[in-house]
Structure formats: C-alpha cells, structure tokens
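Colleague: compute the structure for the input listed below.
(2 chains)
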Amino acid sequence: MNGMLFEKLPLVNEISSPGRRGVLPPSADQSERRAARAKLPANLRRKAAPALPEVSELDAMRHFTRLSQKNYSIDAQFYPLGSCTMKYNPRINEKVAAMAGFARLHPMQESADIQGSLRIFHDLQEILKQVLGLGGVTLCPAAGAQGEFAGMAIIRAYHRDNNTGRDEVIIPDSAHGTNPASAAFAGFKVREVKSGADGCVDLDALRAAINDKTAAIMLTNPNTCGLFEKDIKEIARMIHAAGGLLYYDGANLNAIVGRARPGDMGFDVVHMNLHKTFSTPHGGGGPGAGPVGVAERLINYLPAPHVRKAGSKYEFYSPDRSIGKLLAFHANAGVIVRALSYAMSQGGTGLWDVATYATLNANYVLNNLPAVFERPFGNLCKHEALVTVRRISKEKDIKAFDIAKRLLDLGYHAPTIYFPLLVPECLLIEPTETESKETLDGFIAAMKQIATEIESTPDVLRNAPNELPTGRMDEAAAAKALNVCCQWGDVPMA
Amino acid sequence: MAYIPHTAADVEEMLASIGAKSVDELFRDVPKELLLKEPLSIPAFSEFETERYFEERAAENRVWGPGRNFLGAGAYQHFIPSACLYLISRGEFMTCYTPYQAEVSQGTLQAIFEFQSHIASMTGLEVANASMYDGASALAEALTMAVREKGKDLVYLPELLHPAYRAVCETFLREIEVEIRTIPAAGALTDWNGVKDLKEASAVVVATPNCLGGIEDGAAARVLADKAGALLVACVNPTSLAILAAPGEYGADIAVGESQPLGIPLSFGGPYAGFFASKRSLMRKMPGRIIGRTTDKNGNEGFVLTLQTREQHIRREKATSNICTNQGLFALLATTYITFIGKEGLVEVAETSLVRTQQLADALAPLGVERFDGSPTFHEVVLRLPIPAEDFRRAMKEKHHILPGFAVKNWFPNLKGADNLLLVNCTEVVTAQDIKHYASAASMVLDPVSDAVGV
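Modeller: Numbering: from 1, shown residues only, chains lettered A, B, ... in the order given. Next up, the predicted model:
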C-alpha cells in the first residue's frame, strides 16, 4: 500500500514551462480575439497576467493521479471517522447523476423543461418526510451547517411572528461546533448546558437553563457520545411547555434511520446530512446536502425555492413566510439525485437494515477493544463507539493523537479524536453498516497491537506515522508561517 | 440489504461477542414507543430499476447542447476537458473526508492548496480559502466578515448585483441585523456617484461583470468604498479575470465569486463551488477552511489545514463562520480545469467569449435588435428586441430549438422597456456558424411572414 504513496510531488507551478499547452479550448482566431480585447477601455483591462499552470495534458494527468494516490479513501481503506458516517458510496449514484439530462440542465430554465428534476426533488422530499416523521422537507441547504442555519432562521422567524421575544438557544456541551456557530449566525444567544455523568442531557441542568428567553434546544440524538438520549420525551415536554422548539442535528441519523423518527420524539426542526446517511461522497470536504424537515406549523417558513406538485406537474414556489434563499440557485441538485438513487436502492427495509447493522458494527467494536481503551459510558452504544485513553495518557504519556497517527501506519484512517469535548483523550469510532466483520476484526487487531506497543515500544506511537512517506506534520509552524498560496510572480499581460 | 455484507453467521458471532441475543436488543435504550414496529413503506428498487427511473426523469428534462444554449444569467456553459471529470471521479479524491489527518490526505491538501494559489493569482489578492458553497453564499460570508472587521451594521450592494445573490445576502444579513442599502444603476452600469446621503458602512460591493453583463469600473467603486470607510468586496466571474482588471489591481479587499465557469457542469445549479480571496491582513477573519504549507518532523514539505482556531469546531459560537463541509470536490474540479486549460487557454476562453458575444449582437443589429446601451460588456449583453422578450424566447425555443437568453423583466420589471429586453450569453463553445444559425432563426421569429412560411 505505501508504495502507492509517492514521494513528495512538485507543485504544479514547479512543472510549468512558458508556452506549454494542455487541452486546447475552442477558440476564435487570434486576430479577432486580440482586436476584441483591445477595444475594451484600458482601465477595465487586466494589467498583470495571472500566474497559472502551463503543463501538458499527460503531465497534468500524472500530477493529479499521483496526488490522488496520496490520499486514504473509503474506496481503499477502512475510514471509521466518528460523526462522519463514512459508508460505501455506491457507483450507481454517480452514474445516474452524470446523465446528460441532469448535467446539462441550466438552473434558469422554465418549469415545463425541468419536470424530471423537479420530480426527483419532490420524490426525495416525500421519502425524507417519511424518514423524519415530519410534515415538510426542504432540499435547499448545501450542507449540514447551512441546514442548521436555515433551521435556526426558521425558528427565529417563528418566534418573531409570534412576538415571543425569545432569543436564547440551549446547546449541550457534547454538540457539534456547528450548532453554536449556526445559532449565533441566526442571531441567537447560546446557552451551553453540561452533560450528565452518563453522557446524556442532565435534566436538572436543563431545567436551570430554561427560561422565558428560551427559543429552542439543539440536540443530536444519538448524541456525539454515541448514546441515545434516554430522556428525550421528557426533554421535549419541558422545552415545549416552556414555549421553545426542538432542533435535531441529523449528523448521527444513521443510527436510527428507518427504525425511529425525530418527529415522533418531539423534534420540530431537523437537518440531515445526505453525504452521511444517504451515501453521497464526501469529496475530500464536500459537496454535501443538508435538507431540513419541519413540523406542519413551520412549513410556511421553508427556504425558497420549494417544490410542490400541482395537478400532474411539479413546480418551484416560495412559501409565504419563507426565510428566503440560501444559494444562488436551488440546491446541490447533483447530490439530491445521488441521495434519491440511494434511498430507492434501500427502500424502507434497506434503511431499517442500515440502522441495525451500523449499530451492530459499532457495538462489536466497542465490546472487543482491549482494556486500555476505556468505555466512559458502558457497553451499549448506537452507531459509534466512544472510548478514552485518559488513564494511559497520564500514566504513559501516550495521547489519543499518537494512537490516531499509529493507526495510519497500520493502514486504517484514524477515528475522530478529541471530540466530543466532554471526554478527554477520546476516540470516536464509527464503522458504518457497510463494513464486514473481517474488516472490523482487522481494525480490532490493529488496536490490540497498539495496546501492546503502549507497553513495549511507546516511542513507535509517539513518533507515528513511521511508515508513510509523510511524517507527523508541524501544524504550529503552518499557523505561524501562514503560507497558503504558492509564490510565483505575476507578469505583464501579453 | 443493499451494501450490507453481513452473513447470518457473522451476525451470530458478533452478537455472541457483545453478549446480546438479538440485534433488536441493541436498541433497548430507545423508549419502546419511539421504535417503529416495521420498516417504512418505501419501495426498494434494483440497480437496474433505479437506473431506469433516472433515465426516465432525465428524458423529462429538456437540455440544450453547445451552440444552442445562449442562457447565462449566473451559470455558464463552457468546454470541459474530458480529463477533469474523470479525475474527480477517482475514488481517492471522491470518497475521502475533509483532510483532518494530514499525513494520509496530502493529495487533497496539495490540490486545494493549488486551488487557493490559482484563485489568489486570478483575483490579484494574497490569500484564498478552500471554497464556499457557491458564489452567492461566498458573497454573504464576505459581508459578514466585513461587518466583523469594520463594525458598522450597514453594507452597500449595487442594484445590478445578480438578484439571487442579493436575496441570499438578505437572508443572512437579516438575522444579524445588518442593513442593506442600494447603489443605483444608470443603464447597464452602476452609478458610483449615485448614492445619496452616504453613511459609514462595513462593505461596498462591486459585481463585475454585473447581472446585465456590464463591466464595472473597480477604481470608481474603490473611491466610494473609501468615502464610506468600507471594505471593497468584488464579486467577479473567474473566466473574465483572464483579461479584465483583477480585484487586487483596483484595490479590492475581498474578492468572491462562483467557480462554476471553471469546468463545473451546469447541473441544474449545483453542486458548484464559491471562491473567496482577500488581502493577507484579513486572513484571520476569513470563513472556511484554509490549507497551509508546512514541514513534517523530518523537514519534508507538506500541507495541513491551518488557522483552524477561526473555525466552528474550535471557536464554536465565536467562529468566523458556521461552515464545515464545503464544496471540496468541485474546487478540485476547478483546479483540474485551470491546469488542463492553462494560462493561455483561459485567455483564449475569455477572449473568444468576448468575440462571440459581440458577433452575436452585431449579427442581430440588421434585424432591428439594439444593444440596451453602449456599456462595455464581457460575455453577456442586454439586447432590446422589437417584440416582447418572452415571445421571442418562446418562439426561438419551440420553433428553432435554441435557448436564446433570459428575459430581463423577470429581474427588473420596473426597468424602462423591460418587456423587450433579453440578456444573451456567448462563451467559447459558440461558433461563428452557431451565431449565423441564431440570427437566421431570429429573423424568422421577428418577421412573422417569413416565419409562417418557414423560410
């Protein structure tokens, strides 16, 4: 495997040569082109030509192919990142999304000419309504965090319309960082509540946090400790009785998809991550899609455009009290095509199995790791297994960070580390349902090897990765130097 | 059980090692009344049936290929080298996560570092981030960043900013209670002297080319920004930057825009990728992920995510943005496009787009089709037709299978003579022959007698 990871690759500017060409675009005659540019007023023309690559097609192909080989990926490695749901990305989804009828569709075409895509939006909306147990779903948000913003803007609009004067949002300390950030961007004040010793919301702390300013609570369920919030019904009762709404962060929906529904638990607003639960590729950072489901009384606030069926036709419209637009166009439409393809491949029975086997796999890992990986909250989890090396970090000076880096050596992508924040030196392991027992056994064996190395050869961990072309990166130096672009001087325009 | 590898024997062994009798027992922590009794009634399709469903939906869409599509209005059809879409479909790029584990993510990290470098070069600014959702959300984030920097709850947007971009800015600024005021237009250009009662503001925006195709004078926008004590935010088309003044050249503090013209298919509006560049002095207030160059413990050069202390997973409610997932794979697609098309190629694309747009306007002039005004334009121009633009558009589409442009009255119903105004786009994919074809179809549509006999 390591043979695939080439030694240092030059930056593209280092393999550029003046005058070298890659793929030629269609072009007008040079004389026509230069004349047209010369006719533009001088003050509107560019003075210095941007420094951009000048490489051959083959050199460019090798450059990017070799770069790709320096990545770990789901396609090649087990990738148990907690809260990220790195499941298999089926290729049928890619095939259908690339069809010319979708790829060439212009976003400003009229309704009659986009019926196929509108129906896809509508069909996925209907499926997601069933999955969430809620009355309305928008597909507009481009990612989970944008879904959170949209959801919180809906809650703010609801309180504004009802003159409640409520502007505080309660968020547990186990929440994803996007929750407080999104609430703040939607204009709310954030009130953090500590989790209880069992990793779940502490009802007494919650009671103390609720007041006449409480607009909502943002919860992840199962939470980021991988635990189902056992008191969710009481939490819902308390928040609703106080005049607030419940927001569900769907990052961990994979644990219960098709087996339990946020709407039944009392949630009013839910976002989901199609790039997690519905198998669309993470793409090294995106794109995603963050649909938002809402209870009936909030449908009128959904972002624009929303899709509805009118007779036998489908159409976009803007709900009466819409929070407005989130993107220039409609949504990450290509992601929506992929997610519908996945939902259709699964059906209700398949989704039931997704939750079942995701949970089975996580519990198998949780219950088979060596004892140095302590379980802070018992031996039952949902889709992800949270363990901590707090004791070892004190006794042997081995950190979760070291273990993560050593796993890279052993051919596994590391789990999420140092999150959730309430458990020190933790590793959050989310295997997903698409991994086989053999893969999990291999991972467990690697963790056992690491447990042995903690005793026998701790420096192997402290120095890891040892067996990759790239050693441990100096992140502090990066933040100091702030070299974020390659330096090559601009030259005057030809 | 699509994509689930477990055999019955696996399940039995796994449950035994956990100490559970059944998989249902693993859900014992969920209150019984919250568990569904049976699966949802969503039908399952085989791979073959799924593909067929999408074949049918794709056929219900009408698409126009190169040479027949003159609709731009914020999304543009360009030639895309075959290698680009192939490369982003490689599993090593497509199926990895955000590069938090730098040592096994050097491919994505270096590629996006190159993206940042190209964007900085093209905008003429010093630093760029790893992408935003799209051009409009990038602009909204630039405005919130400007408000953080300057502290004034007011921004100025030009009347000729793409209306969808303005709508997105309104959504985001409403919640943090920042007021938006408008810089008026005069014809197809912004009247930089037209703001009455100018107040101190956090940002002045210049959108160029603007939504009517006009190329704005960035230096004049800079003067207005200085008068308002504001940052100048440029919202620009990346193709145009090959030949038009770079935001850095006219003193913009921040430049944002839509990467879609850089090799990203139209795809019904997304996924695209916003780009975001700024002066170095503003870098610590930037939203989103930034990749930095560093060394590993052996002194070898490599790349990591940097300045993460700005971001939501560390700074939480005090973060510079709530963005987490961005549009990484499409920033990578843009990077491959820039690399394969290259420095000279991008100039050719920009110049050819300029040539064809002028040629089309010239070809229609004999038919009584005039330019809306004489402002310099890039690859989009507003034409005044002798008939209502909607009628023209429908006839060109239904009778001649050409998507001829966008009816301006959908955006600016109150503009004088708006009914007859059509916004037309040509890129390098339009040939001289395509323009002749457009003109001959237009002559039939505009001359009903010859159209009726199908001359």
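Colleague: could you count how many residues lie near residue 163?
Modeller: Assuming you mean chain A. Per other Cβ atoms under 10 Å in any protein chain shown, the neighbour tally for A:Asn163 reads 7. Using the backbone N, CA and C atoms, a C-beta is placed for each residue, glycine as well.
Colleague: let's do chain B instead
Modeller: Neighbour tally, B:Pro163, other Cβ under 10 Å: 17.
Colleague: can you give me phi and psi for the closest residue to it other than its chain neighbours?
Modeller: Nearest non-adjacent residue to B:Pro163, counting by Cβ to Cβ, 6 or more residues apart in numbering or on different chains: B:Trp411, 5.0 Å away. Per-residue torsions, B:Trp411: phi -100, psi -40 (degrees, to the nearest 10).
Colleague: residue ranges with poor pLDDT in the stretch 301-450 of chain A?
Modeller: For the stretch 301-450 of chain A, not a single residue meets the criterion pLDDT under 70.
Colleague: any idea where the strands of it begin and end?
Modeller: Using DSSP state E, counting those that start in this stretch, the strands of the stretch 301-450 of chain A run over residues A:306-310, A:313-317, A:385-388, A:416-417, A:426-429.
Colleague: in its sheet, what does the fourth one sit against?
Modeller: Each strand paired with strand A:416-417, and its direction, by DSSP bridges: strand A:426-429 (antiparallel).
Colleague: contacts for the strand it pairs with, please.
Modeller: The contact list for strand A:426-429 (Cβ atoms under 8 Å, 6 or more residues apart in numbering or on different chains) reads A:80-83, A:224, A:226, A:362, A:365-366, A:373, A:376, A:384-390, A:400, A:403-404, A:414-420.
Colleague: need the buried ones from those residues selected in ChimeraX.
Modeller: For the buried members of the contacts of strand A:426-429, the matching ChimeraX selection, counting by 16 or more other Cβ atoms under 10 Å in any protein chain shown, is:
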select /A:80,81,82,83,224,226,362,365,366,373,376,384,385,386,387,388,389,400,403,404,414,415,416,417,418,419,420
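Colleague: in helices, which of the contacts of strand A:426-429 appear?
Modeller: Counting by DSSP state H, these place A:Ala362, A:Val365, A:Leu366, A:Arg390, A:Ala400, A:Ile403, A:Ala404 in helices.
Colleague: give me the distance between B:Gln260 and chain A.
Modeller: 9 Å (Cβ to the nearest Cβ, to the nearest Å).
Colleague: residues near A:Asp353, how many?
Modeller: 24.
Colleague: check B:Pro386 too.
Modeller: B:Pro386: 12 neighbours (other Cβ under 10 Å).
Colleague: quick one: contacts for the closest residue to B:Ser202 other than its chain neighbours?
Modeller: In this structure, B:Ser202 finds its nearest non-sequential neighbour in B:Lys150, 3.9 Å apart by Cβ to Cβ, 6+ apart. Contact analysis of B:Lys150 by Cβ under 8 Å, 6+ apart lists B:Ala201, B:Ser202, B:Ala203, B:Gly229, B:Ala230, B:Leu231.
Colleague: could you do A:Gly226 as well?
Modeller: Counting by Cβ under 8 Å, 6+ apart, A:Gly226 has contacts A:82, A:252, A:255, A:362, A:377, A:381-386, A:428, A:430.
Colleague: which pair in the contacts of B:Lys150 spans the largest distance?
Modeller: Maximum pairwise distance among the contacts of B:Lys150 (Cβ to Cβ): 10.5 Å, between B:Ala203 and B:Gly229.
Colleague: the two: which has the busier surroundings?
Modeller: B:Ala203 (29 against 14).
Colleague: in the sheet, who's paired with the more buried one?
Modeller: B:Val155, B:Leu231.
Colleague: that one: what's it in contact with?
Modeller: Applying Cβ under 8 Å, 6+ apart, the residues near B:Ala203 are B:Ala142, B:Leu143, B:Ala146, B:Val147, B:Lys150, B:Val155, B:Tyr156, B:Ala225, B:Ala230, B:Leu231, B:Leu232, B:Val233.
Colleague: then B:Gly345?
Modeller: A:Arg21, A:Gly22, A:Val23, A:Leu24, A:Pro25.
Colleague: skipping adjacent residues, who's closest to the second one in space?
Modeller: The spatially closest residue to A:Gly22, leaving aside those adjacent along the chain, is B:Phe340, at 4.4 Å (Cβ to Cβ, 6+ apart).
Colleague: now render the contacts of B:Ala203 as CSV, adding pLDDT.
Modeller: Shown next, in CSV, are the contacts of B:Ala203 (pLDDT from 0 to 100):
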residue, pLDDT
B:Ala142, 98
B:Leu143, 98
B:Ala146, 98
B:Val147, 98
B:Lys150, 98
B:Val155, 98
B:Tyr156, 98
B:Ala225, 98
B:Ala230, 98
B:Leu231, 98
B:Leu232, 98
B:Val233, 98
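Colleague: still on that earlier bit, tell me the buried residues within the contacts of B:Gly345.
Modeller: Buried among the contacts of B:Gly345 by 16+ other Cβ under 10 Å: A:Arg21, A:Gly22, A:Val23, A:Pro25.
Colleague: tell me the SS of the second one?
Modeller: This points to A:Gly22. Of the three states, A:Gly22 takes coil under DSSP: H, G, I helix; E, B strand; the rest coil.
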